[in-house]
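S.K.: Show me how the following folds:
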Amino acid sequence: IIGKYLKNSLGKDFSKMVRDSLYVRSSKSSDMIDAIIELARPRREGKALDSIITFNFDALVEENLSAAKIPNAPIYTEAVKYQPSELPIYHVHGYLPRRGKISETTDIVFSEDAYHGQFLDPFSWSNLIQLAKFSQNTCLFVGVSLTDPNLRRLLDVAWRKSTEKTQNHYIVKKFPDIDGPTETQSLARLLEEQDANLLGLNVIWVRAYAEIPNILRLVAAAGA
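M.R.: Numbering: from 1, shown residues only. Next up is the predicted model:
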């Protein structure tokens, strides 16, 4: 809702102001990004990473992939193409690179009306891309709360269209931080896990977010 107010107030300067705020204090890398780069690195054996879908606007993953000499291409509209040798990074909520001119037609999903617009357009390129990946690939969800109604709808459609009805995807979730007896915490965990299962997701539980990079590295090692 605050994003909607800012968008209405700033008008054409909205995307530029978001970019300026996004990069002013951001680190250029992190342990998480390093683990993503390791997972994306091509290997002689094992299947290569198909793609990355991000709900972030920044170019930190692309910058670090390029620094590691891994060809990549940010995809933020249906008009953007990529080469077979490039790893596509789908920015389904929009893309704001660190440098360069921002087009006046650039639209990021950051305000309430933009979220509603994406939800109401089932044939938008971003929705179609996500649905295709959820239906055809095994996906690992990291840093996703699973509360976005549009994401839940797309996962539900992919699950309903699946003939095997098996949990093909994985999501890393932190144990529920709930005060109370052990039974209450166990129930909260059970309910969250059942909710994820009904959307086709297996849950990988962690006690702290700092554990996630090591999980990515284990996945990378298993695919080597």
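S.K.: and residue 15, that one's in a helix?
M.R.: Yes. The assignment for residue 15 by DSSP: H, G, I helix; E, B strand; the rest coil puts it in a helix.
S.K.: Give me the pLDDT for it.
M.R.: pLDDT recorded at residue 15 is 86.
S.K.: any idea how far residue 56 is from the spatially closest residue to residue 57 that is not a sequence neighbour?
M.R.: Distance criterion Cβ to Cβ, 6 or more residues apart in numbering; nearest residue to residue 57, sequence neighbours excluded, is residue 96 at 4.3 Å. Glycine gets a C-beta too; all of them are placed from N, C-alpha and C. When distance is defined by Cβ to Cβ, to the nearest Å, residue 96 is 9 Å away from residue 56.
S.K.: Check residue 194 too.
M.R.: Relative to residue 56, and taking Cβ to Cβ, residue 194 is found at 28 Å.
S.K.: Now do the same contact list for the one residue sitting closest to the centre of the chain.
M.R.: With distances taken as Cα atoms, centre = their mean, residue 54 lies nearest the centre of the chain, 3.2 Å away. With contact set as Cβ atoms under 8 Å, 6 or more residues apart in numbering, residue 54 has these partners: 61, 89, 90, 91, 92.
S.K.: mind listing which of those are in strands?
M.R.: Members of these lying in strands (criterion: DSSP state E): 89, 90, 91.
S.K.: Show me what the second one bridges to in the sheet.
M.R.: Residue 90 forms beta bridges with residue 53, residue 75, as assigned by DSSP bridges.
S.K.: hang on, the earlier thing: residue 194 and residue 56 - which one has more neighbours?
M.R.: residue 56 (16 against 10; other Cβ atoms under 10 Å).
S.K.: count of residues packed around residue 148?
M.R.: For residue 148, using other Cβ under 10 Å, the count is 17.
S.K.: now swap in residue 43 and tell me
M.R.: 11.
S.K.: quick one: it and residue 223 touch, right?
M.R.: Yes. In this structure, residue 43 is within contact of residue 223 by Cβ atoms under 8 Å, at 6.7 Å.
S.K.: What is the longest helix that the chain contains packed up against?
M.R.: Identified as the longest helix of the chain according to DSSP state H is helix 182-197. Helix 182-197 makes packing contacts with strand 169-174, strand 201-206 when contacts are defined by 3 or more Cβ pairs under 8 Å, 6 or more residues apart in numbering; DSSP states H and E.
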